[in-house]
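# just the structure for this:
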Amino acid sequence: MNTAFNRNEDWMKLAVSQSRQYFEKIKLGGGKKAMEKQKERNKLSPRERIAYLCDTDTPFIEIGGFAGFDMYEEQGGCPSGGTVAGLGYIRGRQCVIVANDQTVKAGAWFPITGKKNLRMQEIAMENRLPIIYLVDSAGVFLPMQDEIFPDKEHFGRVFRNNAKMSAMGITQIAAVMGACVAGGAYLPIMSDETLMVEGNGSIFLAGSYLVKAAIGEDIDNETLGGAITHTEISGIADYKFKTEEDCLDQIKKIIDKLGAPKTAGFDRAASLKPAKNQNEIYGIMYEGNVKPYDMLEIIERIVDNSEFDQFKQDYGQTILCGYARIEGWAVGIVANQRLVSKNGKGEMQIGGVIYNDSADKAARFIMNCNQKKIPLVFLQDVTGFMVGSRSEHSGIIKDGAKLVNAVANSVVPKITIIIGNSFGAGNYAMCGKAYDPRFIYSWPSAKIAVMGGDQAAKTLLQIQVAGMKAKGKEISAAEEKELLDCIKASYEKQTSPYYAAARLWVDDIIDPIDTRLRIAEAISAANHNPDMEEFKMGVVQV
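Here you go, the predicted structure:
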């Protein structure tokens, strides 16, 4: 390997290492003292509960691990959005698992908690997967109730989704291992089966203190809404257990007896490892993503046997399209090509930019994949659509609209991986969050913004300087540079993958070497939903 490759590899591995360090801190939840209190009450941590519940030697794909990252600092933070969640296998059955983290503000719901829980229900609904709720929550975080309680995508939407999933025939199981208070009490009761742990699990609309204040009744929480009360008196709960382990064992038994699911019928062959060294994926993108690289080299380290059958190979070369397999699953790949290339007229094209011909090619390929019922994988490293008079006169908006139309109306599962830049309308055309990818992940090298940092900072600087001068204030070159650096630092923070993952614009920040696994597990999940609408493009200009 050459010096450049080694430098690139060091940069990417350092970025991955930083991501892991952040996540190790996140996994502490509310801190060591809070974790120790859990142990004193004979309670497992949320990750321990999930580990016990899931089959050994199977992957657990965590979703939203970075939710809330660097947010709510005045409130003490909300690691992982106060919820640990993801896709796991229980008795061989792929399931969505959602576990409240009681160590984070007693499991109270922050705004990002609601967004994350709704995202997990969305995954269960889109992919027809059973969903397991491991409940241990004090309900809405009252100081921020106006941001979590009343709106369409707030707390109450969870119970609406409970009802919708029940009507769809999606299995929902709730294990109450701690508090389940107020509006949150509806979640386990709207699930198919409710399990409770004696001594710790409780369900009530109002706790003992509020009952005393409201109606003057003296009663303890266990008598009010504990496991014995709800299994022997109210009949709300279906099972009670002495220990959490016994409770989790019962969930395994329930899942073990579910009927076999129908499938979408996506094609899968025997899995083959990439022929090219997968570990070399770290050294292909240049440090800081400042130079062009060959996206084909990355694709060949993700797909089975490094085989990628290109579609229209010599046309629209700033987007690569083609067929491959990932862990045996047939996929169609749409990827931005960062290499500078020549079009059919011999004109140079800038890598990472979408031109008329590449937009047209990608739209046609997406239509083909929908026709053949082949899931789509988008690999994003895009700076946007080509600008200038030549592109405008050639109808770049028309061709871009055609691509956006194809992406928006696509009915096969879409999985998006943001490996580098994701700027402007390029984010949309390459199936960004707004275009309903089943799953969307980013590498730690990703940047998501309306435009690149340098361009945005200079544009914002010009606006601010013009405003100052309009008020008669002169600004020196040194002051202008200081202002530019301040604007750039703020903008760069907002473009980072951590900023995106904190707000669930992406489902997780992943190690590049895990890209293959994440895509394969996403398609495995999507294959559980046999109901696909008919593909229709609607009106497009040709």
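# for stretch 39-58, buried residues please.
For stretch 39-58, a neighbour-count test (16 or more other C-beta atoms under 10 Å) marks K43, L44, S45, P46, R47, E48, R49, I50, L53, C54 as buried. The way it works is simple: take the backbone N, C-alpha and C, and place the C-beta from them, glycine included.
# ugh, typo on my part, it should be stretch 84-93
For stretch 84-93, using 16+ other C-beta under 10 Å, the buried residues are V84, A85, G86, L87, G88, Y89, I90, R91, R93.
# so where's the chain uncertain?
Along the chain, the parts satisfying pLDDT under 70 run over 1, 452-453, 456-457, 542.
# for the residue of it positioned farthest from its centre, helix, strand, or coil?
Distance to the chain centre peaks in the chain at G472, reaching 47.8 Å (criterion: C-alpha atoms, centre = their mean). Here G472 is recorded as coil under DSSP: H, G, I helix; E, B strand; the rest coil.
# what about it, distance to K481?
21 Å (C-beta to C-beta, to the nearest Å).
# cool, and M386?
31 Å.
# max-length helix in this protein?
helix 3-26 (DSSP state H).
# after that one comes which helix or strand?
As assigned by DSSP states H and E, the chain's next helix or strand after helix 3-26 is helix 32-40.
# okay, buried residues for that following helix please.
Here helix 32-40 shows A34, M35, Q38 as buried, counting by 16+ other C-beta under 10 Å.
# now what about that helix, what contacts it?
By C-beta atoms under 8 Å, 6 or more residues apart in numbering, the residues outside helix 32-40 that reach it are L28, G29, L44, S45, Q102, T103, V104.
# how about stretch 393-402?
With C-beta under 8 Å, 6+ apart, stretch 393-402 has contacts from 354-357, 359-360, 363, 385-387, 425, 429, 540-542.
# distance between it and the chain's centre?
Taking C-alpha atoms, centre = their mean, to the nearest Å, the mean C-alpha location of stretch 393-402 is offset from the chain mean by 30 Å.
# buried residues, it. List them.
Quick answer for stretch 393-402 (16+ other C-beta under 10 Å): G395, I396, D399, G400, A401, K402.
# and the next element down the chain from whichever strand or helix holds the fourth one?
What it means is G400. In this assignment (DSSP H and E), G400 forms part of helix 396-409. Per DSSP H and E, the first helix or strand lying C-terminal to helix 396-409 is strand 414-423.
# which strands and helices sit next to that next one?
strand 376-382, strand 439-442, strand 447-449, helix 515-526 (3 or more C-beta pairs under 8 Å, 6 or more residues apart in numbering; DSSP states H and E).
# so can I have a markdown table of those showing mean neighbour count?
Listed next are the helices and strands packed on strand 414-423 as a markdown table, based on neighbours: other C-beta atoms under 10 Å:
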| stretch | mean neighbour count |
| --- | --- |
| strand 376-382 | 27 |
| strand 439-442 | 25 |
| strand 447-449 | 21 |
| helix 515-526 | 23 |
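# could you pull out the helices for the stretch 101-250 of the chain?
Ranges of helices within the stretch 101-250 of the chain are 111-127, 157-168, 186-189, 208-215, 221-225, 227-232, 244-256, based on DSSP state H, counting those that start in this stretch.
# helices and strands around the third one, which ones?
Counting by 3+ C-beta pairs under 8 Å, 6+ apart, the packing neighbours recorded for helix 186-189 are strand 131-137, helix 157-168, strand 172-181.
# ok, now the longest one?
Counting contacts by 3+ C-beta pairs under 8 Å, 6+ apart, the secondary-structure elements packed against helix 111-127 are strand 83-90, strand 93-100, strand 131-137, helix 157-168, helix 515-526.
# tabulate these (JSON lines), appending distance to L272.
Formatted as JSON lines, these follow (distance: least, C-beta to C-beta, whole Å):
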{"stretch": "strand 83-90", "distance to L272": "22"}
{"stretch": "strand 93-100", "distance to L272": "22"}
{"stretch": "strand 131-137", "distance to L272": "33"}
{"stretch": "helix 157-168", "distance to L272": "36"}
{"stretch": "helix 515-526", "distance to L272": "11"}
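# quick one: closest of those to W443.
Nearest to W443 among the helices and strands packed on helix 111-127 is helix 515-526; the distance by C-beta to C-beta comes to 7.8 Å.
# between strand 93-100 and that closest one, find me the angle.
Going by axes from the mean of the first three to the mean of the last three C-alpha atoms, to 10 degrees, helix 515-526 is angled at 100 degrees with respect to strand 93-100.
# surely G107 and Y133 touch.
No - in this structure, G107 is not within contact of Y133 by C-beta atoms under 8 Å, at 11.9 Å.
# one step back: so which of the helices and strands packed on helix 186-189 is the most surrounded?
Across the helices and strands packed on helix 186-189, the average number of neighbours (mean count of other C-beta atoms under 10 Å) peaks for strand 131-137, which reaches a mean of 27.
# paired strands for that one, with orientation please.
Strand pairing for strand 131-137, using DSSP bridges, gives strand 93-100 (parallel), strand 172-181 (parallel).
# adding distance to M144, write those strands out as a markdown table.
A markdown table is the format used below for the strands paired with strand 131-137 (distance: least, C-beta to C-beta, whole Å):
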| stretch | distance to M144 |
| --- | --- |
| strand 93-100 | 17 |
| strand 172-181 | 16 |
